[in-house]
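Participant: Predicted coordinates and the sequence they were generated for:
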Amino acid sequence: MARHLITSAIPYINGVKHLGNLVGSQLPADLYARYLRARGHEVLFLCATDEHGTPAELAAAKAGKPVAEYCAEMWQVQADLAEGFRLSFDHFGRSSSEQNRKLTQHFAGVLADRGLIREVSETQMYSPTDGRYLPDRYIEGTCPNCGFDSARGDQCDNCTKQLDPVDLINPHSTVSGATDLEMRETKHLYLRQSEMKDELEAWIDSKTDWPVLTTSIAKKWLTDGDGLQDRGITRDLDWGVPVRRGDADWPGMEGKVFYVWFDAPIEYIACAQEWVDAGKGDDWARWWRTDEGASDVRYTQFMGKDNVPFHTLSFPATILGSGEPWKLVDYIKSFNYLNYDGGQFSTSRGRGVFMDQALEILPADYWRWWLLSHAPESSDAEFTWENFQTSVNKDLADVLGNFASRVTKFCRSKFGEAVPEGGTRGALEEQLLSDLSAKIAEYQAHMEAIEIRKAATALRAAWVLGNEYLQEAAPWATFKEDPEKAAMQIRLALNLIRLYAVISAPFIPDASAQLRAALKSEDAGWPDDLPEALEALPAGHAFTVPEVTFRKITDAEREDWQSRFAGTRS
RNA sequence: GGGCCUGUAGCUCAAUCGGUUAGAGCAGGGCGCUCAUAACGCCUUGGUUGGGGGUUCGAGUCCCUCCGGGCCUACCA
């Protein structure tokens, strides 16, 4: 049994996340965590909210609330939704935690001591009306290149030319519309990533089994132009981790905070401390310090492709640069994007299905199954209501749900609500066991390799084997001339339902639990020994016919949702 | 502009190191079954692997080129 540390990219605080966000990190991470736990491994699965930065301040202002209060509320919203989707975090933390504040300041201090931080004086747009410095993209004006009148300070959306805010004609704040912008001189800390380029590159090069998506993005940043650039790790903001050098003041940095992308990954570690402080665990160091027991931990991170540079370069630079024995990531699983019906999901425009809306219309398992079985692993994937309806109806209702239904109902009508007794297995049953064993082995191999779509395909194929067996065995026919044989067939089929419930739990935990409850089976142990697992429900064991496990999505519903979610979210 | 990814059946996706006749699911067609959520099973139609050129005994896979889609390009996070 191994020890697995699993983290999902931490979702930003400003609002409910959409299904694309969910399938890009939290959901696949949960699948993996549930699977490894089911296989008996020791797992620590962490996630948190990413709370700092300009967008959080502006969202709070818009909501008319102090930013700390806004974040606390939104954390609760996201925590509830995570629970709704059955995301099995051991702890769902907050990057604004006390633990993260201290740890972030600690890392900055250590990095400074080791000469990996330098001060840079630069100019930045300041808006007296807004009373704040504005990131480049919060300034808009007319593009000096093409004349587009809504060009952003970092890039023109019309001609794609990269810009500097001072280049814009008639620049104004997108927050207030203020035009009295001025350049102010300000001092910031830069992490000297360039010093660590060779070390990082050697490390990335050693990860030959990582997804191409992960390594190609990392290599690009390492080798593009002049190579890996130093990165600013402080900002002129109120909301964030105050800049301190460990426990000490940092002269000249008063009133500044660390950049979110510096403190957010550190929250992975702080979250383990929060987990302990919340009384859920007793030793975070054995997961994170290689000198305190973490050397045998396998650490896997899940994220969307936009997060890859920070996880392959910035955060490792922080860890390696500290010279302290922190656990480095072993495997980075990254995802492409999920699109919505011909376009992108968009938080700002409210396009697509959001986590709260999804749970309002259907149980979590429907979404979990579709999203995971269509995870955007090799390229961007697309959500359409037609595909969702047919996939879910066919896979969950027809293949799995109906199997449980036909077996239990047949048993009830012919033998009553207890596992029937008698008969002995023959060649057909031997063949089923052999096929099933091979299919489960395939499923396990894909799960271990985190090949999610392939794992879903193998799992579904295992469900199909049950229907094939039933058709071949035809207990409704054998019952007429050899009731004992039919009893044996149905006993096996009832055990198949339990088996399916167990192996499907990482994908569809609620349905799995519901099926086991109907079968009155406490045992959720993984079927390491398949013949034994298919004897788990012995003759005479009482059960009940489960409620319809998965009802079908009707055409009327699909059409309703299709139009309801076509527009924008209010 | 530069870089990376991607294009395979009507749809969603496979295809190990370049190796036999490019495979699944869904949708379509036919047959069977009657236990079941109009469910299940079997058979089956369907592909010049985006176009063109090249390397090779052999190319979906490697090279060149053109076309389409997507992402990144470092101050959104």
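Facilitator: Okay, I see it.

Participant: got the contact list for stretch A:311-329?
Facilitator: Stretch A:311-329 is contacted by residues A:5, A:9, A:107, A:110-111, A:114, A:116, A:191, A:193, A:196, A:199-200, A:203-204, A:214-215, A:217-218, A:221-222, A:228, A:231, A:261-262, A:265-266, A:269, A:287-291, A:294, A:297, A:299-301, A:303, A:332 when judged by C-beta atoms under 8 Å, 6 or more residues apart in numbering. For every residue, glycine as well, the C-beta is placed using N, CA and C.

Participant: so how far is residue A:134 from residue A:107?
Facilitator: 27 Å (C-beta to C-beta, to the nearest Å).

Participant: can you pull the contacts of the one residue in the stretch 251-400 of chain A that gets nearest to RNA strand B?
Facilitator: With C-beta to the nearest atom of the strand, the shortest gap between the stretch 251-400 of chain A and RNA strand B falls at residue A:398, namely 3.0 Å. Contacts for residue A:398 (C-beta under 8 Å, 6+ apart) come out as none.

Participant: Let me see the confidence value for it.
Facilitator: According to the prediction, residue A:398 has pLDDT 96.

Participant: Ok, residue A:310 next?
Facilitator: 90.

Participant: Not counting residues beside it along the chain, what's closest to it?
Facilitator: Excluding the flanking residues, the one nearest residue A:310 by C-beta to C-beta, 6 or more residues apart in numbering is residue A:261, at 5.3 Å.

Participant: got it, and residue A:545?
Facilitator: residue A:408 (4.4 Å).

Participant: how close does that neighbour get to RNA strand B?
Facilitator: From residue A:408 across to RNA strand B, the span is 8 Å (C-beta to the nearest atom of the strand, to the nearest Å).

Participant: my read: residue A:31 touches residue A:509, true?
Facilitator: No - using C-beta atoms under 8 Å, residue A:31 is not in contact with residue A:509, being 9.9 Å away.

Participant: RNA strand B contacts on the stretch 301-450 of chain A?
Facilitator: Taking C-beta under 7 Å from any atom of the strand as the contact definition, the stretch 301-450 of chain A meets RNA strand B at A:305-307, A:309, A:336-337, A:344, A:374, A:376-382, A:387, A:390, A:394, A:397-402, A:404-407, A:409-410, A:413.

Participant: out of those residues, which are inside strands?
Facilitator: A:344, A:381-382 (DSSP state E).

Participant: Tabulate those (TSV), appending neighbour count, pLDDT and distance to residue A:39.
Facilitator: Converted to TSV, those look like this (neighbours: other C-beta atoms under 10 Å; pLDDT from 0 to 100; distance: C-beta to C-beta, whole Å):
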residue	neighbour count	pLDDT	distance to residue A:39
A:344	15	77	36
A:381	19	82	27
A:382	14	83	32
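
Participant: ok so, going back, please produce a ChimeraX select command covering the buried subset of the contacts of stretch A:311-329.
Facilitator: Remark: buried members of the contacts of stretch A:311-329, expressed as a ChimeraX selection using 16 or more other C-beta atoms under 10 Å:
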select /A:5,9,107,110,111,116,191,193,196,200,203,204,214,215,217,218,221,222,228,231,261,262,265,266,269,287,288,289,290,294,297,299,300,301,303,332
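
Participant: Of the contacts of stretch A:311-329, which belong to strands?
Facilitator: In this view, the contacts of stretch A:311-329 that belong to strands under DSSP E are A:5, A:191, A:231, A:297, A:299-301, A:303, A:332.

Participant: Between which two of those residues is the distance greatest?
Facilitator: Taking C-beta to C-beta as the measure, these span a maximum distance of 27.5 Å, between A:231 and A:297.

Participant: Stretch A:499-517 and RNA strand B in contact?
Facilitator: No - applying C-beta under 7 Å from any atom of the strand, one finds stretch A:499-517 separated from RNA strand B by no less than 8.7 Å.

Participant: start to end distance for that stretch?
Facilitator: Length of stretch A:499-517, first residue to last, C-alpha to C-alpha, to the nearest Å: 13 Å.

Participant: For it, which residues meet the burial criterion?
Facilitator: In stretch A:499-517, counting by 16+ other C-beta under 10 Å, buried: A:499-509, A:511-512, A:514-516.

Participant: Tell me the one among those nearest to RNA strand B.
Facilitator: Of all the buried residues of stretch A:499-517, RNA strand B sits closest to residue A:511, with 8.7 Å by C-beta to the nearest atom of the strand.

Participant: residues contacting that closest one?
Facilitator: A:365, A:396, A:400-401, A:501, A:504, A:549-550 are the contacts of residue A:511 under C-beta under 8 Å, 6+ apart.

Participant: Repeat that for residue A:93.
Facilitator: Shown in contact with residue A:93 (C-beta under 8 Å, 6+ apart): A:46-49, A:99-100, A:267, A:270-271, A:274-275.

Participant: if you set the cut-off to 7 Å instead, what comes out?
Facilitator: Contacts for residue A:93 (C-beta atoms under 7 Å, 6 or more residues apart in numbering) come out as A:46, A:48, A:267, A:270-271, A:274.

Participant: Which per-residue confidence value corresponds to it?
Facilitator: pLDDT recorded at residue A:93 is 97.

Participant: For it, list each beta-bridge partner.
Facilitator: residue A:48 (DSSP bridges).

Participant: In terms of helices and strands, where is the closest residue to residue A:443 other than its chain neighbours?
Facilitator: Sequence neighbours aside, residue A:458 is the residue nearest to residue A:443 in space, at 4.0 Å (criterion: C-beta to C-beta, 6+ apart). Residue A:458 belongs to helix A:452-473 when assigned by DSSP states H and E.
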